[in-house]
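K.L.:
Sharing a sequence plus its predicted fold:
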There are 2 protein chains.
Amino acid sequence: MAQSAATATTVAAVVPTAGTTAALHPIGATDVRLTGGFWAERARINREATIPAGFEQLQAAGTLQNFRLAAQSARDGYRALGIMFDKPFPFLDSDVYKWLEGAGWELGRAPDKRIQTMADEAIGLVEAAQRPDGYLNTFVQVLTPGNEYRDLQWGHELYCIGHLVQAAVAWHRALGDDRLLLVAERACASIERELGPGGREGIDGHPEIEMALVELFRVTGERRWLELATSFIDRRGRGWLGDGRFGRGYWQDHLPVREAPAAVGHAVRQMYLDSGAVDVAVETGDDALLDAVHRRWRDMVATKTYLTGALGSRHKDEAFGDPFELPPDRAYAETCAAIASTMLAWRLLLATGDPACADLIERTVYNAVLPSLSTAGTAFFYVNPLQRRTHRTWTAPGEGERAPWYACACCPPNLMRLIGSWHQMLATETAGGGVLVQQYASAEVAAVDMRLALTTDYPWDGSVRVEILAAPDGERDLAFRVPGWCSSAALRDESSGTETGRPDGAAIVATRQWRTGDAFELRLDIAPRVTRPDPRVDAVRGCVALERGPLVYAIESADLPPGVELEDVEIPDGAAPRDAAGPANAPSIVGLTVDATAAGTPIELAAIPYFAWANRGVGAMRVWIPRAGS
Amino acid sequence: MAQSAATATTVAAVVPTAGTTAALHPIGATDVRLTGGFWAERARINREATIPAGFEQLQAAGTLQNFRLAAQSARDGYRALGIMFDKPFPFLDSDVYKWLEGAGWELGRAPDKRIQTMADEAIGLVEAAQRPDGYLNTFVQVLTPGNEYRDLQWGHELYCIGHLVQAAVAWHRALGDDRLLLVAERACASIERELGPGGREGIDGHPEIEMALVELFRVTGERRWLELATSFIDRRGRGWLGDGRFGRGYWQDHLPVREAPAAVGHAVRQMYLDSGAVDVAVETGDDALLDAVHRRWRDMVATKTYLTGALGSRHKDEAFGDPFELPPDRAYAETCAAIASTMLAWRLLLATGDPACADLIERTVYNAVLPSLSTAGTAFFYVNPLQRRTHRTWTAPGEGERAPWYACACCPPNLMRLIGSWHQMLATETAGGGVLVQQYASAEVAAVDMRLALTTDYPWDGSVRVEILAAPDGERDLAFRVPGWCSSAALRDESSGTETGRPDGAAIVATRQWRTGDAFELRLDIAPRVTRPDPRVDAVRGCVALERGPLVYAIESADLPPGVELEDVEIPDGAAPRDAAGPANAPSIVGLTVDATAAGTPIELAAIPYFAWANRGVGAMRVWIPRAGS
């Protein structure tokens, strides 16, 4: 029989306890090694550019300085670029913690002296800032001492500690370094004293602590953390937080977590809350809770998710809109919401095995997370619209360009930890002891008791070569997810030429006694396609989008013939996109071209992957393109 | 020859000084008497229901109480329903002033004991609250004494005094009651000491004071007020206010008023600013300034105005979007922005004679101002979307219904003053000494040296009977605006049967020696029509709207056959709307009916005027309806 499934020693962000109700088990980060291609390049940029630049920004913005002030009990000089309700943002500590989590995953991949030095400085500041009683929040310690846990609606204290815990778990699992874990345990004990058994009935306005506490339980084996997480899930939806500025739905306090039928309010909050709910459900065997989240998630995917996977159409409260309220121009589509959606989908995939979760992860990462990052890896979009018009009313300098940092800098370090841990989602173990490849990249994967090599130019090419590097004794399932967008897929044995098709379902499954050296080619039909929107999405009526494989494409003014404006372009029904060269500044990219018209005149219209937009100056862009005659 | 044009004794909100560059002159409120029909009914509701209910709300919300606190220099108990930046709203005084302006116009129309008693109480509170040095702002006096004129960005001190001045001018002109005028003059002198000659170079974050000061100059003849208004116009756009929360464009401080090419930022602020700029331009003969505003206004009408006349598509900052960013579902379309747009268009009409201004007033008042008011006149919409879906995610009780009041209650009293003074915009004197009827209602009008009676069932019927009640000596022009939506119009002499057509331009002009008893029928073709959107408005691509005369129509779920959802409905190309009975709860309304399909099945689709929507419970509604096959 196969080895036991993932254990507490698995190096990953989400590690369900052995024997829980999880359907799939994660493969540790150390068991996946990116060997080249698209994702190895993203990892390289994250390590060489994004994470180091992030640290410099944390220094420049004063976010690290705030920990120094807290350590010295200094009263003056708290630094923040942003203001909320006449005070500096209260949630900036979390930027440091998310950065540390990203750094931890990267250092676990391979040592890096520069990042290590930066991280050591940050960890030292975090350790020094914590009060003897375990309390840790630089905003309260420096600016509003005595206000500990008094502003649960907006204070973000538990939210920040949740991110601290996740960083601590990363450093523990990836590096065996428990400096942060000791800080995190003391901080959680402080929360427990205030809001745990015998304490007040509070919850945090911004969910996050829930999933962190479950992972802290998984790392330490201390059931108290799971119970505290469960109580936060159970308490929510009883109106404790009040209406706030945007109504109870904003922070998902309008209905109990088990009852709320739809994703509402602040998108990141909903995704973090539901991530924690899945974690609690898996560890406590609470199928009703898991079903409630899964049902809500399916409704969200069907009615409140952009083609890109992005979530949250409303700027005012960073919130989901009504079903099918998905404007492309005013899409809020916050980078953090896409990352949080990936975190939830990953948990749901592990818990339920629902292949739609892996589909959403793929769609979201390529088309809603990666677009936030510049080619060089040091500038970020916070908001990711699907359309920018030629004629705009600019009222502030720098509008429309990726920025090196933000006053509210939640997105950049969130991106660092997502890219730093993306490979953890590449494959899973199945309950039956097999391996299921969920995402495609050139990588060596050790799972169960076999090792395989994947070699591919994905997402540019739909062919993946699979070689068995080390075969186990006995039969094993080796399965490959067939993405929802893929209409034709097959696995061909390189030596015999026999093909394994996809009888049904969302995966190709080959079951046999493997031999070292067995080699196959997986072929996913990646031909460009024209996508029509759901007719209920009013904002893109009469339009089509171009897709190819997992990628959503966009047209940019930089590619238009002289004199043609983006708003003049229409695509006739029946036009078929073809592969083309990518833009001059990114030759590795596969572009598309399609016959179109501009104010009635035929043109050859070029499209590039949406994630690559806005790297050639500030221009116009659109994903949804009007059909001729609409 | 005709009498001189409007003078300082004209009873109206806007009275350009005789001899200025104004093209048209207003007719005083006392020279227009609504005699029946649509607008007399609106005026009745305003007097009998809306204004009295408003006073009760000002009492209940604590807005009047705040003046009592300021009078007693009390420190505690400042009352406000809303919070901004952790403090109560600082602009609530203006609600009282706008209510007083509305009450003043209504009392000028005819005495009313109840309103008079309410107004006397309010005026007494305002008088008592003013400090001996003239300073008046209850927020600063009660909550932040010592902070006078320190928070020009957000404090709204000048904004509030602007509304006080406008109320004072109304009471002076309509009633000869100068109690408020004395308060207003002292308050403006306080502002002048701080920000006038020799003072600081400040401007208010929310324009409003500018147009108020010009009217104060017109009432008092004191040039200092015109000069102060001019300096506020001249100072704006130099970045003095900083970026704030939403960028410099939010408060129109990004470019000088003479240079800014487009309406941007907070819509009400832009409209109030440009209203003040027109007033300054007219009084100082500054044609360049007038041209700049007129040019910006034309751009706004062409690219940033909803079919309903509403302005401001963005919720986050209550702001204009980019050109053609006009989503129907997420239209912010604030009631105050529509009212402010009417105020600007009226000033531009007087200044330039541009008939498009009267067209926009008509479109806006019927379709963007009136929709905010419930049939009973005591509940209000703040936000006026053009679409509400069947399936929504409600997260707060009461969402989607008109409310009796708001924490930020700027819109209800603004509506009271607009309806209380609407008849001031019914007709103008022309520079040539004639009369130009701008809007249609049953009314007696005394203008220049003639009196006429208009009798009509407008907007339900396109016929207007015109009778000369008192004829002047000599020839006079009698002109009738032909609305931009009207494709056919004629004026028929009742006795001779001869018709005066519209040779060109936007008005029918009859010039003759009039006789008492002369009677005519003006016929405006009001047949229902199908309107296609500008193709650049992406959000309504593939849709049509139904209009009839000046009215935009909407379809509501209340009128659909059982089992049909609003989102299933499509209108085939070529379908022609027909007149129909109005809804059961409003028999005086003319409805429409049109052949349509619901999920492919033919249905007869009923439509009602958009202004009447949401009076039959919370349902779905849309103005823009998909075309079949789009």
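P.N.:
Sure thing, it's come through. Numbering: from 1, shown residues only, chains lettered A, B, ... in the order given.

K.L.:
and the residue nearest the centre of chain A, what pLDDT?
P.N.:
A centroid search over chain A (Cα atoms, centre = their mean) returns A:Ile339, at 2.3 Å, as the residue closest to the centre. Confidence at A:Ile339, expressed as pLDDT, is 98.

K.L.:
so it touches A:Leu415, yeah?
P.N.:
Yes - contact status for A:Ile339 versus A:Leu415: in contact at 6.7 Å, counting by Cβ atoms under 8 Å. For the C-beta atoms, the positions are set from N, CA and C on the backbone; glycine is no exception.

K.L.:
Give me the common contacts of these two.
P.N.:
A:Val369 (Cβ atoms under 8 Å, 6 or more residues apart in numbering or on different chains).

K.L.:
How many residues are close by the closest residue to A:Met271 other than its chain neighbours?
P.N.:
Distances taken as Cβ to Cβ, 6 or more residues apart in numbering or on different chains place A:Ala340 nearest to A:Met271, at 3.4 Å, with adjacent residues excluded. Other residues near A:Ala340 come to 27 when the count uses other Cβ atoms under 10 Å in any protein chain shown.

K.L.:
Run through who's touching the worst-scoring helix or strand of chain A on mean pLDDT.
P.N.:
Using mean pLDDT, DSSP states H and E, the weakest-scoring helix or strand in chain A turns out to be strand A:83-84, at a mean of 76. Contact partners of strand A:83-84, identified using Cβ under 8 Å, 6+ apart, comprise A:89-90, A:154, A:407, B:245.

K.L.:
circling back to that earlier point, which element is the residue nearest to A:Met271 on?
P.N.:
Secondary structure assignment for A:Ala340, by DSSP states H and E: helix A:335-352.

K.L.:
from the middle of its chain, how far away would that helix be?
P.N.:
How far helix A:335-352 lies from its chain's middle: 6 Å, per Cα atoms, centre = their mean, to the nearest Å.

K.L.:
Next secondary structure after it?
P.N.:
Assignment by DSSP H and E places the next element after helix A:335-352 at helix A:355-364.

K.L.:
tell me which parts of the stretch 201-350 of chain A are close to chain B?
P.N.:
If contact is defined as Cβ under 8 Å from any Cβ of the partner chain, the residues of the stretch 201-350 of chain A in contact with chain B are A:243, A:245, A:247-250, A:254, A:262, A:264-265, A:313-316, A:320-325, A:327-330.

K.L.:
Look up how far A:Gln387 lies from whatever residue of the stretch 501-630 of chain A ends up closest to chain B.
P.N.:
When Cβ to the nearest Cβ is the measure, the stretch 501-630 of chain A has its nearest residue to chain B at A:Gly542, with 3.9 Å between them. According to Cβ to Cβ, to the nearest Å, A:Gly542 stands 14 Å off from A:Gln387.

K.L.:
One more: A:Leu180?
P.N.:
Distance, A:Leu180 to A:Gln387, by Cβ to Cβ: 42 Å.

K.L.:
Of these two, which one has the most company?
P.N.:
Between A:Leu180 and A:Gln387, counting by other Cβ under 10 Å, A:Leu180 is the more crowded of the two (27 against 23).

K.L.:
and the strand or helix carrying that one, what does it pack onto?
P.N.:
Remark: A:Leu180 resides in helix A:179-195, with elements defined by DSSP H and E. In terms of contacts (3 or more Cβ pairs under 8 Å, 6 or more residues apart in numbering or on different chains; DSSP states H and E), helix A:179-195 is packed against helix A:113-129, helix A:157-175, helix A:209-220, helix A:223-235.

K.L.:
if we go to 10 Å?
P.N.:
Helix A:179-195 sits against helix A:93-109, helix A:113-129, helix A:157-175, helix A:209-220, helix A:223-235, with contacts defined as 3 or more Cβ pairs under 10 Å, 6 or more residues apart in numbering or on different chains; DSSP states H and E.

K.L.:
In CSV, list those helices along with mean pLDDT and mean neighbour count.
P.N.:
As requested, the helices and strands packed on helix A:179-195 are exported to CSV (pLDDT from 0 to 100; neighbours: other Cβ atoms under 10 Å in any protein chain shown):
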stretch, mean pLDDT, mean neighbour count
helix A:93-109, 97, 27
helix A:113-129, 98, 17
helix A:157-175, 98, 27
helix A:209-220, 98, 26
helix A:223-235, 98, 21
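
K.L.:
These into CSV, with extra columns for distance to B:Ala612?
P.N.:
Supplementary listing: those in CSV, determined by distance: least, Cβ to Cβ, whole Å:
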stretch, distance to B:Ala612
helix A:93-109, 49
helix A:113-129, 61
helix A:157-175, 46
helix A:209-220, 47
helix A:223-235, 44
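
K.L.:
Nearest to A:Ala581 among these would be which one?
P.N.:
helix A:93-109 (32.4 Å; Cβ to Cβ).

K.L.:
Next, the angle from that closest one to helix A:209-220.
P.N.:
Relative orientation of helix A:93-109 versus helix A:209-220 (axes from the mean of the first three to the mean of the last three Cα atoms, to 10 degrees): 40 degrees.

K.L.:
Measure how far helix A:93-109 is from the centre of its chain, please.
P.N.:
Counting by Cα atoms, centre = their mean, helix A:93-109 comes out at 15 Å from the chain centroid.

K.L.:
Helix A:179-195 and that one, what's the angle between them?
P.N.:
For helix A:93-109 and helix A:179-195, the angle between their directions (the same axes, to 10 degrees) works out to 140 degrees.

K.L.:
excluding its backbone neighbours, what's nearest A:Arg224?
P.N.:
Spatial nearest neighbour of A:Arg224, chain neighbours left out: A:Glu192 (6.7 Å); criterion: Cβ to Cβ, 6+ apart.

K.L.:
And for A:Ile589, the neighbour number?
P.N.:
A:Ile589 - counted by other Cβ under 10 Å - has 18 other residues nearby.

K.L.:
Quick check: pLDDT value at it.
P.N.:
At A:Ile589 the predicted local distance difference test score is 95.

K.L.:
Got phi/psi on it?
P.N.:
When read as degrees, to the nearest 10, the backbone of A:Ile589 gives phi -80, psi 140.

K.L.:
Kindly state the domain boundaries assigned to chain A.
P.N.:
A:24-390+A:401-425, A:428-524, A:529-626 (automatic domain parsing).

K.L.:
ranking those domains by burial, who's on top?
P.N.:
With neighbours taken as mean count of other Cβ atoms under 10 Å in any protein chain shown, these reach their highest mean count in domain A:24-390+A:401-425, at a mean of 22.

K.L.:
Need the distance between the two termini of that domain.
P.N.:
Start to finish, the residues bounding domain A:24-390+A:401-425 are 11 Å apart (Cα to Cα, to the nearest Å).

K.L.:
any idea how far it is from the chain center?
P.N.:
10 Å.

K.L.:
where's the residue in the stretch 101-250 of chain A that chain B sits nearest to relative to A:Arg269, distance?
P.N.:
Across the stretch 101-250 of chain A, the shortest distance to chain B (Cβ to the nearest Cβ) belongs to A:Gly249, at 2.4 Å. According to Cβ to Cβ, A:Gly249 and A:Arg269 sit 10 Å apart.

K.L.:
where do the contact lists of the two overlap?
P.N.:
A:Ala319 (Cβ atoms under 10 Å, 6 or more residues apart in numbering or on different chains).

K.L.:
For A:Pro583, which non-adjacent residue is spatially closest?
P.N.:
A:Ile608 (5.5 Å).

K.L.:
Tell me where the stretch 351-500 of chain A has helices.
P.N.:
When secondary structure is read from DSSP state H, counting those that start in this stretch, the stretch 351-500 of chain A shows helices at A:355-364, A:411-421.

K.L.:
Ok, which of the ones you listed comes nearest chain B?
P.N.:
Each of those has some distance to chain B by Cβ to the nearest Cβ; the shortest is helix A:411-421, at 17.4 Å.
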